[in-house]
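*Asks:* coordinates for the following, if possible.
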Amino acid sequence: MKRKQFLKGIEQLSQEGAVQLYKQPNIGTETYVMGVVGILQFDVLEYRLKSEYNVDIVRTALPYRLARWAKSDVEGFDPKEMTLTSTSLLVLDRDDEPVVLFESEWAVDWAIDHNEKFKLTFENINSK
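*Replies:* Just a heads-up that it's a prediction; the model follows:
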């Protein structure tokens with residue numbers, strides 16, 4: 001019943017840069033992954049959603065530590081074609097740009113070595 005307030009709240013916090021908002025593509029339901037620089041940002045997220053939007057959230061910790069935007073010079077590239085480790089997760093940022101979440105630097109290096117036509121960058125260079 002509070003989905004509308006929840007979506008408004010996370011969109012606002014994402015626009016402010018307090019959190020990164022990611023969604024998993026093509027899984028049937030809208031599932032969001034929130035990215036932060038430090039654990040205290042989760043506390044801020046939870047507090048602001050409760051105090052400003054009257055929304056309670058349930059946090060589930062995920063193992064991802066690193067995010068890289070997936071880019072390619074190939075026309076019409078599909079990031080789902082990337083070869084990734086089983087512990088990596090392909091998501092979309094709030095601009096629907098592909099982002100890969102990784103558990104470790106090793107997984108990032110592995111993805112770079114196994115995906116010659118793709119580039120992994122630290123930021124969305126196409127951000128609006």
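*Asks:* tell me the contacts of Ser86?
*Replies:* Contacts for Ser86 (CB atoms under 8 Å, 6 or more residues apart in numbering) come out as none. Every C-beta, even on glycine, is put in place using the N, C-alpha and C of the backbone.
*Asks:* element containing it, please.
*Replies:* If you go by DSSP states H and E, Ser86 is not part of any helix or strand.
*Asks:* quick one: the helices in the protein, in order.
*Replies:* Listed in chain order, the helices found in the chain under DSSP state H are 3-16, 39-53, 105-113.
*Asks:* and the contacts of the last one?
*Replies:* Defining contact as CB under 8 Å, 6+ apart, one finds that helix 105-113 is touched by 66, 68, 82-85, 87-88, 100, 102, 120.
*Asks:* filter those residues down to the buried ones and hand me the ChimeraX line.
*Replies:* To isolate the buried ones among the contacts of helix 105-113 in ChimeraX, judged by 16 or more other CB atoms under 10 Å, type:
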select :66,68,82,84,85,88,100,102,120
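*Asks:* let's have the helices of the chain in a markdown table, adding distance to Val74 and mean neighbour count.
*Replies:* Output for the helices of the chain, formatted as a markdown table (distance: least, CB to CB, whole Å; neighbours: other CB atoms under 10 Å):
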| stretch | distance to Val74 | mean neighbour count |
| --- | --- | --- |
| helix 3-16 | 29 | 15 |
| helix 39-53 | 35 | 14 |
| helix 105-113 | 16 | 14 |
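*Asks:* quick revisit: farthest-separated two in the contacts of helix 105-113?
*Replies:* Farthest pair in the contacts of helix 105-113 (CB to CB) is Leu66 and Thr83. Separation: 17.2 Å.
*Asks:* please tell me how far Thr87 sits from Pro63.
*Replies:* Here Thr87 is placed at a distance of 7 Å from Pro63 (CB to CB, to the nearest Å).
*Asks:* what touches both of the two?
*Replies:* Jointly contacting Thr87 and Pro63 under the rule CB under 8 Å, 6+ apart are Glu103.
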